[in-house]
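[1] Fold the following.
(one chain, ligands or ions: 1)
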Amino acid sequence: MAADVAEARREDAGIVVAHSDFGGSSISGVTFSVAGMPPLVVLNSTQPADRMRFTLGHELGHIVMHKFPTPDMENEADQFTSNFLLPTEDVKPYFAGRKVDLPLLAALKPEWRVSMASLVFAAKRAGAINEGQAQYLWKQFSIHKIRLREPPELDFAPEVPASWPARKKSRDGVSTSRSYCPEGRPLADGPRGA
Ligand SMILES: [Zn+2]
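    So this is what the prediction gives:
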């Protein structure tokens, strides 16, 4: 899995990605969509890179699937990003013949640039573990207190949006995301458990 593929694909699709600290808010990301303009996804730069990547995929899911809100849209966007970042057939060989435990999840995290939690979902989707084994792993997450914050030593550097600085420079006098906000359709996403 190439490191920057996910973000590059989004930018190729005409989506502008920017980072913000959201003034200390715990919000993970927000999307602004205005007719005739590329969607703007702003990610919380204070969150770990695996969380930022998941959020970006989640927001992309909303952009491509939810022109109009649906009752299950949050779950659908989560499923979208899970499959986008960890395609079942691609990830399956990484679990084959191996014991899916915390050390394996920790080893795969920097390679796939996703959370250990995302890897549990992918392992289940790929048939490498069953529901009981997944539940056992979630208990291990709780015991080791990594459910909400995975080990910092496994953190990796976030991807830097490529299109934002260029666009910013080319639009003289048009300032930041605020120009999108008044007419925007904000889709705010708070922290999700796993
Ligand atoms: Zn959402």
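
[2] The closest residue to residue 14 other than its chain neighbours: helix or strand, and which one exactly?
    Leaving aside its chain neighbours, residue 14 sits nearest to residue 38 (4.5 Å; criterion: C-beta to C-beta, 6 or more residues apart in numbering). C-beta: built from backbone N, CA, C; applies to glycine. Using DSSP states H and E, residue 38 falls within no helix or strand.

[3] where's residue 38 relative to the ion, distance?
    19 Å (C-beta to the ion, to the nearest Å).

[4] just residue 154 next, same as before
    For residue 154, the distance to the ion - C-beta to the ion - is 25 Å.

[5] Ramachandran coordinates for the residue nearest to that residue when sequence neighbours are not counted?
    Closest residue to residue 154 apart from its sequence neighbours, by C-beta to C-beta, 6+ apart: residue 109 at 5.1 Å. Backbone torsions of residue 109, given as degrees, to the nearest 10, read phi -60, psi -50.

[6] Pull the contacting residues for residue 109.
    50, 115, 116, 119, 150, 154 (C-beta atoms under 8 Å, 6 or more residues apart in numbering).

[7] right, and the residue nearest to residue 14 touches residue 18 too?
    No. Using C-beta atoms under 8 Å as the test, residue 38 is too far from residue 18 to be in contact (11.6 Å).

[8] Give me the pLDDT for the residue nearest to residue 14.
    pLDDT recorded at residue 38 is 89.

[9] and it, how many neighbours?
    17 (other C-beta atoms under 10 Å).

[10] Same check on residue 30?
    Counted with other C-beta under 10 Å, residue 30 comes out at 22.
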